[in-house]
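Asker: When you get a sec, could you give me coordinates for this:
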Amino acid sequence: EVPPGTPAAQAGLKRTSRDAAGNLVLGDIITGIDGKPVRSYKDLYGALDEKRVGDRVTVELLRDGGQRASSVEVVLGEPV
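Answerer: Predicted coordinates for the structure are as follows:
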């Protein structure tokens, strides 16, 4: 989930959604934080536990169903 107005949303991260026909449209899949691989929620939380509000992180991700690797910079905010 990418809640509106959050740093992730402001950086352009896309959430998983459904199209008009009800088909699942995959959002971004996070594969790394600052060069550390993310394969599970545990990895994600472990990478973010080292950070503080206001820190900038590079998020490596797969976009458009995994056909395109990309990265975005996110300034961390307070938990939603």
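
Asker: CA atoms of the longest helix along the chain as CSV?
Answerer: Counting by DSSP state H, the longest helix found in the chain is helix 41-49. Extracted in CSV, the C-alpha atoms of helix 41-49 (Å, rounded to 0.1, in the frame of the first residue of the first chain):
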residue,chain,number,x,y,z
TYR,A,41,9.1,-7.8,5.1
LYS,A,42,11.8,-8.7,7.6
ASP,A,43,14.5,-7.5,5.2
LEU,A,44,12.5,-4.3,4.5
TYR,A,45,12.0,-3.5,8.2
GLY,A,46,15.6,-4.4,9.0
ALA,A,47,16.9,-1.9,6.3
LEU,A,48,14.5,0.8,7.5
ASP,A,49,15.2,0.3,11.2
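
Asker: where do the strands sit along this structure?
Answerer: In the chain, the strands defined using DSSP state E lie at 17-18, 24-25, 29-33, 36-37, 56-63, 68-75.

Asker: For Asp43, the count of nearby residues, please.
Answerer: For Asp43, the neighbour count with other CB atoms under 10 Å is 16. Placement of C-beta: from N, CA and C, glycine included.

Asker: Check the spacing between the spatially closest residue to it that is not a sequence neighbour and Val57 real quick.
Answerer: Take Asp43 and drop its neighbours on the chain: the residue closest to it by CB to CB, 6 or more residues apart in numbering is Pro37, 6.6 Å away. As defined by CB to CB, to the nearest Å, Pro37 lies at a distance of 14 Å from Val57.

Asker: Okay, now the unreliable bits of the protein?
Answerer: In the predicted model, the chain carries pLDDT under 70 at residues 65, 67-71, 79-80.

Asker: what's across from the residue nearest the centre of it in the sheet?
Answerer: For the chain, the residue sitting closest to the mean C-alpha position, by CA atoms, centre = their mean, is Ile30 at 5.1 Å. On the basis of DSSP bridges, Ile30 takes part in beta bridges with Leu61.

Asker: show me what contacts it?
Answerer: Contacts were defined as CB atoms under 8 Å, 6 or more residues apart in numbering; by that measure Ile30 touches 38, 44, 59-61.

Asker: which one of the residues you listed sits closest to Ala9?
Answerer: Closest to Ala9 out of these is Val59 (12.6 Å), distances taken as CB to CB.
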